[in-house]
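J.: Task: produce atomic coordinates for the following.
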Amino acid sequence: MTRRKKLIAAALSLPLALALGVGLTARRAGSDPLSADVCEKDLAAVFEYCEAGGEVCDEAFEGMAEACQAGCVQMKCPNHVACTELDPIWCKPCDDERGAPYWRIRLEAERKCAPSPGWQPSNYIESFEYHRCAEKEAERMCPALADKPDWYDSPEARKQQQERCNNDFDLRVRGCENDDRCVLEPEEYKKACQEGCLRAVCPDQVACTGDAPVRCAPCEDAHGARHWRQLFAAEGLCTVRHPFLGPNPDPIRWADCVVAEMEQTCPALAGTEWWRQNRTLVHQYGNARPSPAPPASPAAP
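T.: Below is the predicted model of the structure:
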């Protein structure tokens with residue numbers, strides 16, 4: 001039995017003979033594998049539609065084509081494939097790119113964020129927003145992804161990045177120590193800002209540990225790296241959306257965007273006076289900042 005047929009056999013809750021026909025490609029070449037009842041009548045056709053190297057999985061990571069195929073089938077026919085000991089590919093955690101759940105979530109997120117089937121971004125902004133949407137949607141469906149640095153990159157790309165950080169970590173530390181965003185911060189926040197800078201470029205090297213509380217502080221605490229990492233990310237995102245320099249600056253929308261993005265990624269900040277009066281915000285945004293959110297109304301008796 002081929003590896004592909006083993007994958008199908010492990011998934012089927014229907015009788016095995018129903019799925020493993022012969023001559024499937026020739027017989028179904030002109031049929032629609034995504035018809036409403038295809039999962040009930042012809043699950044093997046869905047496997048063919050999701051075949052590695054096909055339209056859906058043509059850009060799967062190296063060595064992950066079968067996992068992508070399984071994830072595609074799991075997305076199309078969720079009630080007809082299940083975790084089984086015959087093939088662990090169906091049972092892996094959602095943040096493991098070697099398993100079907102990861103690819104199901106990734107493919108679903110990409111589908112939800114595309115305005116229409118077959119849509120392709122026509123410019124940098126559209127591409128940026130599309131990938132941003134897909135990343136956030138995937139993390140919503142699988143929260144473990146949010147704690148996995150650069151999960152959207154291939155394992156090989158992440159490995160290369162880790163090697164670069166391991167080889168040049170001292171150089172990257174000095175770069176963050178001299179980063180203009182951190183040099184001008186008060187001493188109280190400077191270390192956290194530098195660690196936030198490092199968290200952006202070498203996240204695995206500055207993970208939360210018991211001997212480095214600055215790396216473990218919650219996102220709403222400006223004495224911690226996580227806060228600054230998210231602030232840098234928000235500023236970068238909003239600079240793409242609403243440039244505040246150049247011929248047509250839009251500082252008000254940029255400021256609104258940064259505040260909204262920070263409060264979305266770190267809900268504990270939302271509406272707090274500390275966040276609204278943060279020195280960095282006052283310095284950067286001045287009167288362009290949104291007014292503090294009104295206090296919540298007391299619950300009715």
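J.: switch to C-alpha atoms for all contacts and neighbour counts from now on
T.: Noted.
J.: Run through the neighbouring helices and strands of the helix or strand hosting Ala134.
T.: Assigned by DSSP states H and E, Ala134 belongs to helix 124-141. Counting contacts by 3 or more C-alpha pairs under 8 Å, 6 or more residues apart in numbering; DSSP states H and E, helix 124-141 is packed against helix 100-113.
J.: one more time with 10 Å, if that's ok
T.: Using 3 or more C-alpha pairs under 10 Å, 6 or more residues apart in numbering; DSSP states H and E, the elements in contact with helix 124-141 are helix 100-113, helix 225-241.
J.: Using the record's domain definitions, break this protein down for me.
T.: Here the domain parsing of the chain from automatic domain parsing is 3-116+126-142, 168-288.
J.: And those domains: which comes nearest Gln160?
T.: Minimum separation from Gln160 across the domains of the chain (C-alpha to C-alpha) falls at domain 168-288, 11.3 Å.
J.: tell me, what residue is most central in the protein?
T.: Residue closest to the average C-alpha location in the chain (C-alpha atoms, centre = their mean): Glu135, at 3.0 Å.
J.: List the residues that contact that one.
T.: Glu135 is in contact with Arg106, Ala109, Glu110, Cys113, Glu129, Leu145, Ala146, Trp151, Tyr152, counting by C-alpha atoms under 10 Å, 6 or more residues apart in numbering.
J.: hmm, back to that, please identify the deepest-packed of the helices and strands packed on helix 124-141.
T.: Of all the helices and strands packed on helix 124-141, helix 100-113 carries the top mean neighbour count, a mean of 22, counting by mean count of other C-alpha atoms under 10 Å.
J.: Now do it and helix 124-141, the angle between them.
T.: 130 degrees (axes from the mean of the first three to the mean of the last three C-alpha atoms, to 10 degrees).
J.: Please name every helix or strand in contact with helix 100-113.
T.: Going by 3+ C-alpha pairs under 10 Å, 6+ apart, helix 100-113 lies up against helix 65-76, helix 124-141.
J.: With just CA atoms, put it into CSV.
T.: Extracted C-alpha coordinates of helix 100-113, given in CSV (Å, rounded to 0.1, in the frame of the first residue of the first chain):
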residue,chain,number,x,y,z
ALA,A,100,-3.2,17.9,9.7
PRO,A,101,-4.6,20.3,12.3
TYR,A,102,-1.9,22.9,11.6
TRP,A,103,-2.6,22.9,7.9
ARG,A,104,-6.3,22.9,8.3
ILE,A,105,-6.1,26.0,10.4
ARG,A,106,-3.6,27.7,8.1
LEU,A,107,-5.7,27.0,5.0
GLU,A,108,-9.0,28.0,6.7
ALA,A,109,-7.4,31.3,7.9
GLU,A,110,-6.1,32.0,4.4
ARG,A,111,-9.5,31.3,2.9
LYS,A,112,-11.3,33.5,5.4
CYS,A,113,-9.0,36.4,4.7
